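The following comprises the amino acid sequence and a computationally predicted model.
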Amino acid sequence: MATVNTKTGQSIDRTVLDSMLRRRMFYTPSFEIYGGVSGLYDYGPPGTALIANMTDLWRKHFVLEEDMLEVDTTMLTPHEILKTSGHVDKFADWMCKDPKTGEIFRADHLVEEVLEARLKGDKQARGETVVVDEEKEAKKKRKAKGTEAKKLDDALVKEYEETLAQIDNYGGPELEQLIKKHDIRNPVTGGEVLPPVSFNLMFQTSIGPSANMPGYLRPETAQGQFLNFAKLLEFNQQSMPFASASIGKSFRNEISPRAGLLRVREFLMAEIEHYVDPEGGKKHARFDEIKDTELALLDRNVQLSGSTKLTKMTIGKAVETGLVDNETLGYFLARIQSFLLKLGVDPTKLRFRQHMANEMAHYATDCWDAELQTSYGWIECVGCADRSAYDLTVHKEKTGAPLVVRQARAEPLRIEEYQIDLEKKKFGPRFKKDAKTVEAAIDALSQELREKLSLDLEKNGKIEVDVEGVGSGKVEIEKDLIKIEKRTRVDNVREYTPNVIEPSFGIGRILYSIIEHSYWSRAGDETRGVLSFPPAVAPTKVLLVPLSTHASFKPLTQRLTAKLRKAGVSNRVDDSSASIGKRYSRNDELGTPFGITVDFQSVQDNTFTLRDRDTTKQVRATEDEILQAVKSLVEGDETWEDIRKRLPEFTSQEVEA
Ligand SMILES: Nc1ncnc2c1ncn2[C@@H]1O[C@H](COP(=O)(O)OP(=O)(O)OP(=O)(O)O)[C@@H](O)[C@H]1O
């Protein structure tokens, strides 16, 4: 799929972009000199700086703004925790194997790839335009059955489109049926594939030398946050609602990682667990602030109808009409959008897609993904799920830890209920070693049963209670041992398990998407690539270029770089002998938004030029004015337009030559 830079109208050639990113060392395959391992990447200096700037913005946008409690929990996780959370049994994808070549495919991706290729072939046969770079790539990589231009039956085209629109909704059995029905094979060899089998995505390890504590590398940061819930609540002075947050690496043994940074086996996640009272509709105190934010939504019913048509709607309306389940979930969707836009995401390439019923984790009540459009298609970059009370409940049940909120009631609650008193002195001798088990079974009786048993006791002078593991499983208890009475209980404290709304960000996926969204080339010349990152995100903020290697420029450049460093503005000096134009070009590729030129006039009157990357326009002013302008631009207090209005423009043939 080709994408177009919506500002310049240029289509993006991914091969050219990829080679630029590698050349400028944004990222590189790990262990490359040993042949590399798919799904593992190292970030070079600009990539690392981008991540640092993105996470810095994330902390400001969420942790600081929402007063969240940030934690840093371990990646190594014992088996028991992930067994309890359901990951050991359910954190899996479906894979199928080509028995002849041994190649392994992720089943849903295989179906998607083959059906998309056939639809493309159909378009070609109907004479519609198919994007060129994709064609090249398809030919190169996949001399695949099904990619040739071949017209399909209209009904089949519709069926394929409907299947693709809900591809995330299928489990193993459905995928097996689709593979059979549409004769889906290994796209390269045309060989048949075996039925899909489930593959757990967690990396297993063992903790300690004796190998008797199995563990995993965590597949998400969430569990570490949940396990600290009680302590965090205490830290927050028992006040609700509140959120914890964490940034850290997660690990998933992806079946066949392709698509560069978009599907890797080790990646940085930034996750928020917002704890909210399930009673009262999960309102959010700051919802009013964002209710007019308009989002592009793709709800589950539209997907089920086989369409991908977006609905533009304010989040206020989406919550009011029930499309988005509650205010808290809606609040975070709007906040996620404003964060992504701050990073430089193209607003026309952002949509929120609702999960379909089967796609959602079994405990989730509603889930929306922020998806970004790239040359790889629409990619989930942020998941935002209402995880209900699931995680805290399972960990509480397993460990007995009080992962609950206890709150004094404004009005005490008076509850009419059946209470049971046991004649303990007689109870022990009567049931001997089984006494505790019988007592526990009685304690667990529901109110409904208690009501029935109180009538039985009155009528028959005895009752029969089910007690597993004692005698025949039924125990008779006579009236002198038990009393069941309806009484009033006054409850001053409300205890509840909070629900969790979880926005979960994949930093690498967002990073790659903003690179694609901000990429263009000057005058359509592919060798002159530019990355128009917003100043706050750009790896380096300022390039310092002396006009030539003349010795008189050096003290000035040194003074400027020292002052910028002191002000916390990252900058680099390029005093190589390359032409100024070339030096600016190199830094356009790194996305450096501003450049300061030191020339002979600077030596005379201490004035400098400041250049804007995107427009290549320049202003000239004194050292103090230029440094102040840079600081204000980088901190987002002013835009380049503001600076141009207040500082004199500078034009020079020489500088941009
Ligand atoms: N293999 C991966 N590589 C890079 N980022 C990932 C990967 N898996 C998940 N993420 C990121 O983590 C976020 C939260 O993870 P989540 O469990 O919701 O993803 P997922 O639904 O499993 O993703 P997918 O369906 O694409 O495998 C995603 O929105 C994505 O940005």
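Looks like it came in fine.

Just list the residues touching the closest residue to Arg387 other than its chain neighbours, thanks.
The shortest distance from Arg387 to any non-neighbouring residue, by C-beta to C-beta, 6 or more residues apart in numbering, is to Val500 (4.4 Å). Yep, even glycine has a C-beta here, placed from its N, CA and C like the rest. By C-beta atoms under 8 Å, 6 or more residues apart in numbering, Val500 lies in contact with 226, 273-276, 386-392.

And for Ile315?
Per C-beta under 8 Å, 6+ apart, neighbours of Ile315: 290-295, 324, 330-331, 333-334.

which strands and helices sit next to the helix or strand hosting His274?
In the assignment (DSSP states H and E), His274 maps to strand 266-276. With contacts taken as 3 or more C-beta pairs under 8 Å, 6 or more residues apart in numbering; DSSP states H and E, strand 266-276 sits against helix 45-58, helix 222-227, strand 242-251, helix 327-342, strand 499-506, helix 507-518.

possible to save the ones you listed as CSV with distance to Gln407 and mean pLDDT?
Shown next, in CSV, are those (distance: least, C-beta to C-beta, whole Å; pLDDT from 0 to 100):
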stretch, distance to Gln407, mean pLDDT
helix 45-58, 31, 98
helix 222-227, 20, 98
strand 242-251, 13, 98
helix 327-342, 18, 98
strand 499-506, 15, 97
helix 507-518, 36, 98
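
Can you say which of these is nearest to the ligand?
Closest to the ligand of the helices and strands packed on strand 266-276 is strand 499-506 (C-beta to the nearest ligand atom; 2.0 Å).

Spatially, which residue comes closest to Asp366, not counting chain neighbours?
With sequence-adjacent residues excluded and distances taken as C-beta to C-beta, 6+ apart, Asp366 is closest to Asp325, at 3.7 Å.

So that neighbour: helix, strand or coil?
The three-state assignment at Asp325 reads coil, by DSSP: H, G, I helix; E, B strand; the rest coil.

Pull out the buried residues from the strand of greatest length in the chain.
The strand that spans the most residues within the chain, counting by DSSP state E, is strand 405-422. Across strand 405-422, burial judged by 16 or more other C-beta atoms under 10 Å covers 405, 418, 422.

quick one: contacts for the last one?
Looking back up the chat, that one is Leu422. Counting by C-beta under 8 Å, 6+ apart, Leu422 touches 439, 442, 481-482.

Check the second one too.
Tyr418 is in contact with 447, 450-451, 454, 484-487, counting by C-beta under 8 Å, 6+ apart.

can you redo the residues you listed as TSV with distance to the ligand, secondary structure and pLDDT?
As requested, those are exported to TSV (distance: C-beta to the nearest ligand atom, whole Å; DSSP: H, G, I helix; E, B strand; the rest coil; pLDDT from 0 to 100):
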residue	distance to the ligand	secondary structure	pLDDT
Gln447	40	helix	93
Arg450	44	helix	95
Glu451	46	helix	94
Ser454	50	helix	93
Ile484	49	strand	94
Glu485	51	strand	93
Lys486	49	strand	94
Arg487	49	strand	94
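
The ligand contacts on this protein?
Taking C-beta under 6 Å from any ligand atom as the contact definition, the chain meets the ligand at 252, 254, 263-264, 267, 269, 380-383, 504, 506, 508-509.

switch the cut-off to 8 Å
Within the chain, the residues that sit near the ligand (C-beta under 8 Å from any ligand atom) are 39, 93, 168, 219-220, 250, 252, 254, 257, 261-265, 267, 269, 271, 369-370, 379-383, 385, 504-510.

all helices for the stretch 1-150 of the chain, in order.
For the stretch 1-150 of the chain, the helices defined by DSSP state H, counting those that start in this stretch occupy 14-23, 45-58, 79-84, 87-90, 107-125, 132-141.

As TSV, those with mean neighbour count would be great.
Converted to TSV, the helices of the stretch 1-150 of the chain look like this (neighbours: other C-beta atoms under 10 Å):
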stretch	mean neighbour count
helix 14-23	16
helix 45-58	19
helix 79-84	18
helix 87-90	15
helix 107-125	20
helix 132-141	13
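
tell me, how many neighbours does the closest residue to Gly306 other than its chain neighbours end up with?
Nearest in space to Gly306, with sequence neighbours left out and distances taken as C-beta to C-beta, 6+ apart, is Glu162 at 3.5 Å. By other C-beta atoms under 10 Å, 14 other residues sit near Glu162.

Next: the one 10 residues further on.
The tally of other residues near Gly172 (other C-beta under 10 Å) stands at 18.

OK, contacts around Asp421?
482-483, 485.

Give me the subset of the contacts of Leu422 that lies in helices.
439, 442 (DSSP state H).

quick one: which of the contacts of Val500 is most hemmed in?
Busiest of those [other C-beta under 10 Å] is Glu273, holding 30 neighbours.

what sits opposite it in the beta ladder?
Beta-bridge partners of Glu273, counted by DSSP bridges, are Ser244.

So, low pLDDT: which residues of the protein?
Low-confidence segments of the chain (pLDDT under 70): 1-2, 129-148, 653-657.

May I have the beta-bridge partners of Tyr519?
In beta-bridge terms (that is, DSSP bridges), Tyr519 pairs with Leu531.

Quickly name whichever of the contacts of Leu422 is closest to Asp122.
Distance to Asp122 across the contacts of Leu422 (C-beta to C-beta) is lowest for Ile442, with 68.8 Å.

circling back: return the member of the contacts of Val500 nearest to the ligand.
Nearest to the ligand among the contacts of Val500 is Arg387, at 11.0 Å by C-beta to the nearest ligand atom.
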